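J.: what follows is a predicted protein model with its sequence.
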Amino acid sequence: MSRQIQARRLEGVDKNIWVEFVNLAAKYKTVNLGQGFPDFSPPPFVKEAFVRAVSGEQPMLNQYTHAFGHPPLVKILAQFYGKLLRQDLDPLSNVLVTVGAYEALFCTFQALVDEGDEVIIIEPFFDCYEPMVKMAGGTAVFIPLRPKAAGNGGSSFSGNWQLDPLELEGKVTARTKAIMVNTPNNPLGKVFKREELKIISDLCVKHNLFCFSDEVYEWLVYDGNEHVRIASLPGMWNRTITIGSAGKSFSATGWKVGWALGPDHLLKHLRTVHQNAVYHCATAAQEAVSYMFQRELKCYGTPDSYFVQLPQELQQKRDRLARCLTEVGMEPIIPEGSYFMMADISRFKTKVPPSDDADEPYDYTFVTWMMKNKHLAAIPVSAFYSTPHRKSCEHFIRFCFVKENPTLEAAEEILRRWSHQQPSDPHTD
Ligand code: IK2
């Protein structure tokens, strides 16, 4: 008698854009503006912190630490974010250290979403939210950000992509458990304004909903925009899980240290998932991140702060990539924050040959072809949309601009050369 091997909760969640496109980027030896990681070194104090943590000076850093977070790290995170959230945070009950923000997200969905629950997700969204809701037995309900009509700058600026408050409220049902927020947003780079977050928070309070707030790009905000933490708005602390990432904050994504902050009555359930899944994140990495935050606390808001320096550096990279994309005819949407820039390829003069798979969105076909033939990697934006809405965004691709200048130069060179070729001859180099 045949027997199903895999658990039913795995149905429909087996594909992963990162697994697929990281492999393709390596296979075609691309200039990689695909996955969101810096290809430059973290600053010296970050390297020193990691070296010190593995130097052997403190042999116990090679051993297990507390399940829910290495004591120096939970202490400094409570201190640091307590100020930002204007809450007295208890290191033991209001902070959970996880294996990257990814695990914090997984623990959140597993702990707080049950069979039949609905979670409202704002499109475009970081791709893992949907499968994680599904694996928890819940249903993702999508609400799109839509560009405001041309005349206000059209779609070419991430701030012009907005939620319709009435449409949002219309998504709330008796089954709605939470609203998922991601600011600055991946892939659009939108930084939600205080008024926009207020609409969401009022809805959470009115309908007694939780809010899951993914803020991994909290320090990467440009043009003087402000990152507002939704947990700091009235009535929100007790219903919000705030998620952060040391990898994104300190340009060291491979160390995979993240956290969830929230009230004990919510966080205790995330701790249950965490203790039964990974138990704890690498001790030495946590120790290093605790030094890094101690340093940042001392120079908070000053020109010495990495959280001040990094966005200044990245804004220049954003602007140079935007100039090049405009020049070659891929219209960029200027992001207010994050690592990413979406570009509209519909007027790019070279149309790539159609895929064998008629159902494949055009952005997938375009990016795959570009990786193979032009050796430049990006990510198709339809990966950040729910299946029924994929076709609506298939004219966008996402570039990561958090790359050293020679990488950006190499990408720009490819794009310029390509844009000078005859449209009828996409294969010529
Ligand atoms: N949340 C968001 C919004 C993220 O973008 C990420 C990391 N994404 O990077 C892949 C990409 O989009 O190219 C995470 C969570 C996960 O963060 P961490 O690396 O700390 O697990």
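T.: Perfect, I can see it now.
J.: state the distance from residue 296 to residue 80.
T.: 7 Å (CB to CB, to the nearest Å). Any C-beta I mention is one placed from the backbone N, CA and C, and that applies to glycine too.
J.: quick one, which of those two is more surrounded?
T.: residue 296 (21 against 18; other CB atoms under 10 Å).
J.: does any bit of the strand or helix carrying the more buried one sit next to the ligand?
T.: According to DSSP states H and E, residue 296 maps onto helix 283-298. No. Using CB under 6 Å from any ligand atom, helix 283-298 never reaches the ligand; the gap is at least 11.1 Å.
J.: which strands and helices lie in contact with that helix?
T.: helix 44-53, helix 71-85, strand 257-261, helix 306-328 (3 or more CB pairs under 8 Å, 6 or more residues apart in numbering; DSSP states H and E).
J.: list the buried residues for that helix?
T.: Within helix 283-298, the residues scored as buried using 16 or more other CB atoms under 10 Å are 283-296.
J.: I figured residue 232 hits residue 82, correct?
T.: No. Residue 232 is beyond contact range of residue 82, at 11.0 Å (criterion: CB atoms under 8 Å).
J.: circling back to that earlier point, list the contacts of the helix holding residue 296.
T.: 45-46, 49-50, 52-54, 58, 60-65, 69-70, 72-73, 75-77, 79-80, 97, 246, 250, 255-257, 305-307 (CB atoms under 8 Å, 6 or more residues apart in numbering).
J.: show the buried residues in those.
T.: 46, 49-50, 53, 61, 65, 69-70, 72-73, 75-77, 80, 97, 246, 250, 255-257, 305-307.
J.: and the ligand, which of these contact it?
T.: Within the buried ones among the contacts of helix 283-298, those near the ligand by CB under 6 Å from any ligand atom are residue 256.
J.: hang on, the earlier thing: closest one to residue 27 out of the buried residues of helix 283-298, please.
T.: Nearest to residue 27 among the buried residues of helix 283-298 is residue 285, at 29.6 Å by CB to CB.
J.: look up how far the ligand lies from the closest one.
T.: Computed as CB to the nearest ligand atom, to the nearest Å, the residue 285 to the ligand distance reads 11 Å.
J.: likewise residue 296?
T.: According to CB to the nearest ligand atom, residue 296 and the ligand sit 17 Å apart.
J.: for the closest residue to the ligand within the stretch 201-350 of the chain, what are its contacts?
T.: Nearest residue of the stretch 201-350 of the chain to the ligand: residue 245, at 3.2 Å (CB to the nearest ligand atom). By CB under 8 Å, 6+ apart, residue 245 lies in contact with 100, 101, 216, 253, 257, 258.
J.: pretty sure the third one is touching residue 246, no?
T.: What it means is residue 216. No. In this structure residue 216 lies outside contact range of residue 246 using CB under 8 Å: 9.6 Å.
J.: check contacts around the residue lying closest to residue 278 once chain neighbours are set aside.
T.: Distances taken as CB to CB, 6 or more residues apart in numbering put residue 99 closest to residue 278, at 5.5 Å, once the chain neighbours are dropped. Residues counted as contacts of residue 99 (CB under 8 Å, 6+ apart) are 256, 257, 258, 278, 281.
J.: return the closest of those with respect to residue 8.
T.: Checking these one by one against residue 8 (CB to CB), the nearest turns out to be residue 278, at 23.3 Å.
J.: show the pLDDT at the closest one.
T.: Looking at residue 278, its pLDDT is 96.
J.: swap in residue 118?
T.: So, for residue 118, pLDDT stands at 98.
J.: who's it bridged to?
T.: residue 139, residue 176 (DSSP bridges).
J.: ok, it to the ligand distance?
T.: Applying CB to the nearest ligand atom, the value for residue 118 to the ligand is 21 Å.
J.: can you pull the contacts of that residue?
T.: Here residue 118 is in contact with 138, 139, 140, 141, 173, 175, 176, 177 (CB under 8 Å, 6+ apart).
J.: could you rerun that using 10 Å?
T.: Contact partners of residue 118, counting by CB atoms under 10 Å, 6 or more residues apart in numbering, are 133, 138-141, 171-178, 209.
J.: using PyMOL, define a selection of the buried residues within those residues.
T.: Only the buried entries of these go into this PyMOL selection, using 16+ other CB under 10 Å:
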select buried, resi 133+138+139+140+141+172+176+177+178+209
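J.: any idea how far residue 220 is from residue 396?
T.: Distance from residue 396 to residue 220, by CB to CB: 20 Å.
J.: with residue 332 instead?
T.: Relative to residue 220, and taking CB to CB, residue 332 is found at 17 Å.
J.: of those two, who's got more company?
T.: The neighbour comparison of residue 332 against residue 220 (other CB under 10 Å) goes to residue 220, with 25 against 22.
J.: contacting residues around the more buried one?
T.: Residue 220 neighbours (CB under 10 Å, 6+ apart): 184, 189, 191, 227, 248-249, 307, 310-311, 314-315, 318, 335-340, 402.
J.: cool, residue 31 as well?
T.: 25, 39, 371, 374-377, 403, 406-415.
J.: just these: which are in helices?
T.: Judged by DSSP state H, the contacts of residue 31 include 25, 371, 374, 406-415 as members of helices.
J.: out of these, which end up buried?
T.: By 16+ other CB under 10 Å, the ones in helices among the contacts of residue 31 give 25, 371, 374, 407, 408, 410, 411, 412, 414, 415 as buried.
J.: among those, which one lies nearest to residue 10?
T.: residue 25 (25.7 Å).
J.: around the ligand, which positions in this structure sit nearby?
T.: 35-36, 100-102, 126, 182, 186, 214, 216, 245, 247, 253, 256, 258.
J.: show me where pLDDT drops low in the chain?
T.: Flagging of the chain using pLDDT under 70 yields the residue ranges 1, 149-155, 422-429.
J.: which residue is nearest the middle of the chain?
T.: Among the residues of the chain, the one closest to the centroid is residue 186, at 4.6 Å (CA atoms, centre = their mean).
J.: what's the spacing between that residue and residue 340?
T.: 6 Å.
J.: alright, calling it a day.
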